[in-house]
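Participant: Sequence and predicted structure below; questions after.
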Amino acid sequence: MAPLDSPSIYYSARRFDAVNSIDRAPANTADIVASGALIWRMRDGALEVLIIHRPRYDDWSWPKGKQDPGESLAETAIREIREEVGLQVVLGVPLAVTSYPVGGRPKDVFYWAAELPDGARALADEGEVDELRWVTTDVARALLTNHDDLAPLESLEALAEADALRTRPILIARHAKAKPRSNWAAAEDDRPLAATGKRQALASSRLFAAWAPSRIISSPWLRCVQTVTPYSVDYGVSVKEKKSLSEAGAQRHPARVARTVASLFDKDSSSLLCTHRPVLPRVMDVLREYLFEGSAEVLPTEDPYLEPGDTLVLQVTEGDDPRIVSVERVRAALD
């Protein structure tokens, strides 16, 4: 996986099973873009999915909707699910992108898996959805109106068959755009975000919320702390500063970087880690230890790995032997 080129690719996704390899840049973005999710649960040992009926189109489909200006793909999916079925979900493994023409214009729909939150109940939106049903995947296959909607369902079934459907997210962020080193005469650890970086940090708070990290671990250097502070404040998650994630700390104690990254896999909780470009090679070395044996190449392979303000979203299996199921590289959308 090559690095994101700032003016080019803004979203990438890879899975361990080589399904759903996606790179999106302005040049290959459809005229119409939408996002949604296959919301799933286990009932009496059977996998069930939530399917909706839209009276406007008289069709059975998945919760989804068109992207609004200033939204990332993930934010669109979260908003549309909340509006259509009244659920606040956390996005799981990316499933598929369906493409088809609408009124002579190309349309792409991005789908994720999303487990039904504990204790939550789906409610049909009175305006857009008049009926919803929890059904087995076989029943869903029979009910779906559009053949294109089968691709994300088959992708979901493949994950379930591989015991790789229930996951938790780990986010690895490179700090947002900082003031240039050449224009900064004070201490390097006090170099702050540039104006663009501050906008990236604010937008990233909304983006991170799609995966709802409940732990934040950051380099103590100002530009990293400023990157994660908006999410910390907006969602009440405290920031734990680790000197080993700073450029100087990583250079002095590379083994501590490895221990910090490995600790993300020790607990079945979602996490966000923020660090610097020179630290990312060591981070990637540790992440490769958690790939499935024989896994497809899912991690970035070339420096700088991430552009300023970009984030890797890892979906990791739960349990005693956590493994990386998928890797997305995401970028916050600026207004």
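Facilitator: In hand now; what should we look at? Residues are numbered from 1 along each chain as shown.
Participant: Where does the prediction get shaky in the stretch 1-150 of the chain?
Facilitator: Applying pLDDT under 70 to the stretch 1-150 of the chain flags the ranges 1-7.
Participant: which residues in it form strands?
Facilitator: 11-15, 22-24, 32-43, 46-54, 59-61, 64-66, 94-102, 105-115, 131-136 (DSSP state E, counting those that start in this stretch).
Participant: Out of these, which one sits most buried?
Facilitator: Each of the strands of the stretch 1-150 of the chain was assessed for mean neighbour count using mean count of other Cβ atoms under 10 Å. The highest is strand 11-15, with a mean of 24. Yep, even glycine has a C-beta here, placed from its N, CA and C like the rest.
Participant: now that one against strand 94-102, angle please.
Facilitator: Interaxial angle, strand 11-15 versus strand 94-102 (axes from the mean of the first three to the mean of the last three Cα atoms, to 10 degrees): 130 degrees.
Participant: got the contact list for residue 207?
Facilitator: Listed by Cβ atoms under 8 Å, 6 or more residues apart in numbering, the contact set of residue 207 reads 72, 74, 75, 311, 330, 332, 333.
Participant: of all those residues, which comes closest to residue 212?
Facilitator: Distance to residue 212 across those (Cβ to Cβ) is lowest for residue 74, with 11.2 Å.
Participant: my read: that closest one touches residue 329, true?
Facilitator: No: between residue 74 and residue 329 there is no contact under Cβ atoms under 8 Å: 11.8 Å.
Participant: Show me what stretch 235-254 is in contact with.
Facilitator: The contact list for stretch 235-254, computed with Cβ under 8 Å, 6+ apart, reads 188-189, 205, 209, 212-221, 224-225, 228-229, 231-232, 256-257, 259-260, 272-276, 278-279, 282.
Participant: roughly how far apart are the nearest residue to residue 239 once chain neighbours are set aside and residue 234?
Facilitator: Excluding the flanking residues, the one nearest residue 239 by Cβ to Cβ, 6 or more residues apart in numbering is residue 216, at 4.7 Å. According to Cβ to Cβ, to the nearest Å, residue 216 and residue 234 sit 12 Å apart.
Participant: just to revisit the earlier point, what's the closest of the contacts of residue 207 to residue 165?
Facilitator: Nearest member of those to residue 165, counting by Cβ to Cβ, is residue 74, at 18.4 Å.
Participant: related to what we said a few turns ago, can you name the secondary structure element that comes next after the host helix or strand of the residue nearest to residue 239?
Facilitator: Assessed by DSSP states H and E, residue 216 sits inside strand 215-218. Using DSSP H and E, the helix or strand that follows strand 215-218 in sequence is helix 222-235.
Participant: in that following helix, what's buried?
Facilitator: Under the neighbour-count criterion of 16 or more other Cβ atoms under 10 Å, helix 222-235 has 222, 223, 224, 225, 226, 227, 228, 229, 230, 231, 232 buried.
Participant: how distant is the next helix or strand after that helix from the center of its chain?
Facilitator: For helix 222-235, the following helix or strand on the C-terminal side (DSSP H and E) is strand 239-241. What separates the centre of strand 239-241 from the centre of its chain is 21 Å, taken as Cα atoms, centre = their mean, to the nearest Å.
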